[in-house]
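**Student:** sequence first, predicted coordinates after that:
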Amino acid sequence: MKKLTKSYKKWLLHRARVEAKKPVRIRVREKRSHVVRAWYGEDIEEVVSENRPKIPPREICLSENADETLEFISEWRNSFKSLLSSASGAIFNWFKDAKSQRGRRRIEGYTDFSQISRFSTAPALVVTAEYDRLRILMDDVPPTINLDEWKDPVFRRLYEMGFFEILGLTESVSDRYFTLGDVRTMKIISGTNSAELAEASQSILGLCDFLGEGPQIQEDVELALNNALSEAMINVSKHAYPNNHDFKFRHVSKWWVTASVDRGSRELTVVIYDQGASIPVTFSQKNWSQTVRDFFKSVLAPKPSFEFENDGTYIEGAMRPRSSQTGKAYRGLGLPEMKDLVDICGRGSLRIFSRGGECYYEAGRQLQRRSRDHSIGGTLIEWTLHLRGG
């Protein structure tokens, strides 16, 4: 095992830059067994991967490549299911003893993140949450492979979000980070209680200072923004993880939130994620208002052709004001307020993925819904607002 000295880090970064400048070549099918570099804690070790890597989509983005992105996330999450169900507090060893290849230890395989050229904020939050779940349940995360080959935009986004803190690699990779451009991303905040909710709201509002000097949000918009954020996250913390639900994956009862601002377009994007039962599950069990009941009667498929066919419809029902029979807040009722604020700002959008459903609303346009073949593994809200100066 080679210690991660400062000179060795500089050499790795130099080699990554040199390789990035080389022309693209058609890659010959590599052998199943091959040598890779594993970043694990404060050390880098050359190990032998017994299998070829799993190749993710080059563009991981829910707005422009949703089907491939959801399939990748679903398969990646499933690959850890057996480990989590059999862990039972035992320490899992990602490495196997050396057999040959100059005494190098072995790993079973890995996902090659160096193939990703674009990693948008929303799916990056989902993947980070999955690593956080592994860290909590197993007290460990898999080694990070060939990190020096990851594309700079992907590295920067994950670094700003706090991804490498969860991996225990922040100090190891800090030399590579540098700020660039008009976009800033807030480090992920996660939790379960009201104090953490308040911290998340304040951090999001504080992020807007990057837009320039003086008040950056109109007072009424700031108040509505804070109220909608609080409403959404309080409902997640109270209702996302019901005790009577049979979860497919072991959960940690948390929510995760991040945000970014673009100084050029003056756009704020907030992303909230939980691994809970999902809106299609919880809302389908509620007493609906007559308006929502009539809506469902006209559009719900009585015999769905696939598991998630009605999921988009349930999300749309949840976005309607006073959608429950009592008019009280249910799981995710912050959505109507979020939708209203998009209209108040005049420009922006609200995109919700929950289980296999998706709803998308853009200011001044008709709401769109659809259902997909793969689940997001909970509920993901991506909210973009155009901010006029205060």
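**Tutor:** Great, that's in hand.
**Student:** can you pull out the strands in the stretch 151-300 of the chain?
**Tutor:** Using DSSP state E, counting those that start in this stretch, the strands of the stretch 151-300 of the chain run over residues 183-185, 189-191, 255-262, 267-274.
**Student:** need those strands in JSON lines with mean neighbour count and mean pLDDT, can you?
**Tutor:** Where you see a C-beta, it was placed from the backbone N, CA and C, and this is true even at glycine. Listed next are the strands of the stretch 151-300 of the chain as JSON lines, based on neighbours: other C-beta atoms under 10 Å; pLDDT from 0 to 100:
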{"stretch": "strand 183-185", "mean neighbour count": "19", "mean pLDDT": "86"}
{"stretch": "strand 189-191", "mean neighbour count": "19", "mean pLDDT": "91"}
{"stretch": "strand 255-262", "mean neighbour count": "24", "mean pLDDT": "92"}
{"stretch": "strand 267-274", "mean neighbour count": "25", "mean pLDDT": "93"}
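**Student:** quick one: closest of the ones you listed to residue 282.
**Tutor:** Residue 282 lies closest, by C-beta to C-beta, to one member of the strands of the stretch 151-300 of the chain: strand 267-274, at 11.3 Å.
**Student:** residues in contact with that closest one: which ones?
**Tutor:** Applying C-beta atoms under 8 Å, 6 or more residues apart in numbering, the external contacts of strand 267-274 come out as 121-122, 125-126, 129, 204, 207-208, 229, 232-233, 236, 240-241, 254-262, 348, 378-387.
**Student:** buried ones from the residues you listed, can you make that a ChimeraX selection?
**Tutor:** ChimeraX command restricting the contacts of strand 267-274 to the buried ones, with burial defined by 16 or more other C-beta atoms under 10 Å:
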select :121,122,125,126,129,204,207,208,229,232,233,236,240,241,254,255,256,257,258,259,260,261,262,348,378,379,380,381,382,383,384,385,386,387
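**Student:** next step: the contacts of strand 267-274 restricted to helices.
**Tutor:** Of these, the ones assigned to helices by DSSP state H are 121, 122, 125, 126, 129, 204, 207, 229, 232, 233, 236.
**Student:** so who does the first one touch?
**Tutor:** The one in question is residue 121. 157, 161, 185, 258, 260, 269, 271, 382.
**Student:** swap in the fifth one?
**Tutor:** With contact taken as C-beta under 8 Å, 6+ apart, residue 129 is in contact with 190, 254, 256, 273, 275.
**Student:** show the contacting residues for the closest residue to residue 199 other than its chain neighbours.
**Tutor:** Among residues not flanking residue 199 along the chain, residue 189 sits closest, at 6.0 Å (C-beta to C-beta, 6 or more residues apart in numbering). Listed by C-beta under 8 Å, 6+ apart, the contact set of residue 189 reads 196, 199, 200, 203, 256, 257, 258.
**Student:** now these in JSON lines, with distance to residue 104?
**Tutor:** Below are the contacts of residue 189 laid out as JSON lines (distance: C-beta to C-beta, whole Å):
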{"residue": "196", "distance to residue 104": "42"}
{"residue": "199", "distance to residue 104": "44"}
{"residue": "200", "distance to residue 104": "43"}
{"residue": "203", "distance to residue 104": "43"}
{"residue": "256", "distance to residue 104": "35"}
{"residue": "257", "distance to residue 104": "40"}
{"residue": "258", "distance to residue 104": "37"}
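**Student:** many thanks, I have nothing further to ask.
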